[in-house]
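Colleague: This is the structure alone, sequence omitted:
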């Protein structure tokens with residue numbers, strides 16, 4: 001049977017890999033406390049950072065500029081120094097670089113040190129997966145190859161693979177033009193526009209570009225993979241949230257297949273996620289009669305058949 005397996009982080013978590021965002025939070029706390037605190041202060045993440053990627057779009061611009069405004073010394077100040085020309089921009093730059101390039105660098109570093117078990121060291125029942133089918137994984141790990149022996153040629157690491165040193169894709173789905181910082185901030189009442197404030201806003205606008213996940217570019221770069229999905233009979237979505245930040249990929253898959261023939265098996269971890277998956281499948285106009293939702297353990301070797 002011609003199948004596609006779509007793999008998300010829940011797949012790695014099932015196999016005992018400590019790849020939750022809360023694990024990254026803990027790693028950052030011990031290896032880069034300053035960056036950890038920047039995320040906590042300026043990114044509206046929940047307690048476990050489970051929404052870290054999408055929350056990058058909602059950085060608290062007001063809080064950043066309010067903090068940096070402490071470095072906006074009036075030009076007429078008696079103790080004026082040349083450094084005051086740049087201190088405001090420097091503080092914004094420090095925060096922006098931390099929450100963009102440095103965060104991505106630390107994230108890549110964390111992923112590359114994750115322990116991935118082999119088939120022999122696995123502590124859970126393996127899943128009934130055919131290594132000869134097609135795979136698209138949102139994970140950065142080598143789990144499919146290390147545990148299931150899936151040839152690398154069969155796997156599309158849509159956001160990069162840490163083990164091979166590829167550049168990893170991490171970011172939000174909002175286009176920079178939609179999330180740009182507001183134009184010149186009128187809170188700072190100067191007779192003339194303050195060039196320091198305007199330069200600070202340029203730096204903030206650059207943040208949204210640096211943290212934007214350009215899914216259309218990723219799709220374009222992997223056009224041959226999506227074109228090759230014609231003729232699929234079944235799609236398994238294993239441990240993936242099907243969230244808005246990755247929705248374009250699902251639209252591209254649906255464009256390539258016959259939605260009235262392809263069966264979908266989608267796993268969930270709780271009832272809330274089950275409801276969200278059902279809503280997503282309805283938006284994609286997948287017929288209910290062709291969808292099965294279940295927990296990932298239902299796919300264990302020797303378990304239920306989904307042929």
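Modeller: Nice, I can see it. Keep in mind that this is a model prediction, so the values were computed, not measured.
Colleague: which stretches of this structure have low pLDDT?
Modeller: Low-confidence segments of the chain, defined by pLDDT under 70: 1, 173-192, 307.
Colleague: so where does residue 292 fall, helix or strand?
Modeller: In this assignment (DSSP states H and E), residue 292 forms part of strand 291-294.
Colleague: If you count neighbours, what's buried in that strand?
Modeller: Buried positions in strand 291-294, judged by neighbour count with 16 or more other CB atoms under 10 Å: 291, 293. In this view, the C-beta of every residue, glycine as well, is placed from N, C-alpha and C.
Colleague: I'd like the next helix or strand past the helix or strand containing residue 209.
Modeller: Secondary structure assignment for residue 209, by DSSP H and E: helix 195-210. Toward the C-terminus, helix 195-210 is succeeded by helix 215-221 as the next helix or strand (DSSP H and E).
Colleague: In terms of secondary structure, what does that next one contact?
Modeller: helix 247-256 (3 or more CB pairs under 8 Å, 6 or more residues apart in numbering; DSSP states H and E).
Colleague: Other residues contacting the helix it packs on?
Modeller: With CB atoms under 8 Å, 6 or more residues apart in numbering as the contact definition, helix 247-256 has outside contacts at 4, 6, 136, 158, 173, 215-216, 218-219, 226-227, 229-230, 232, 235, 242, 280, 284-286.
Colleague: And for stretch 135-146?
Modeller: With CB under 8 Å, 6+ apart, stretch 135-146 has contacts from 4-9, 11-12, 15, 17, 19, 111, 114, 116-119, 131, 150-152, 154-163, 168, 225, 240, 246, 249.
Colleague: List buried residues within those.
Modeller: A residue is treated as buried here by neighbour count (16+ other CB under 10 Å); on that basis the buried members of these are 4-9, 11-12, 15, 17, 19, 111, 114, 116, 150, 155-163, 168, 225, 240, 246, 249.
Colleague: could you measure residue 34 against residue 41, distance?
Modeller: Counting by CB to CB, to the nearest Å, the gap between residue 34 and residue 41 amounts to 11 Å.
Colleague: What of residue 278?
Modeller: Note on residue 278: its distance to residue 41, by CB to CB, is 36 Å.
Colleague: okay, those two: which has more neighbours?
Modeller: The residue with the greater number of neighbours, taking residue 278 and residue 41 and applying other CB atoms under 10 Å, is residue 278; the counts read 16 against 13.
Colleague: Helix or strand: which one has that one?
Modeller: Applying DSSP H and E as the criterion places residue 278 in helix 271-283.
Colleague: ok, and for that helix, which residues are buried?
Modeller: 273-274, 277-278, 280-281.
Colleague: I'd like these written out as CSV, with distance to residue 210 added.
Modeller: Formatted as CSV, the buried residues of helix 271-283 follow (distance: CB to CB, whole Å):
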residue, distance to residue 210
273, 30
274, 35
277, 31
278, 35
280, 28
281, 33
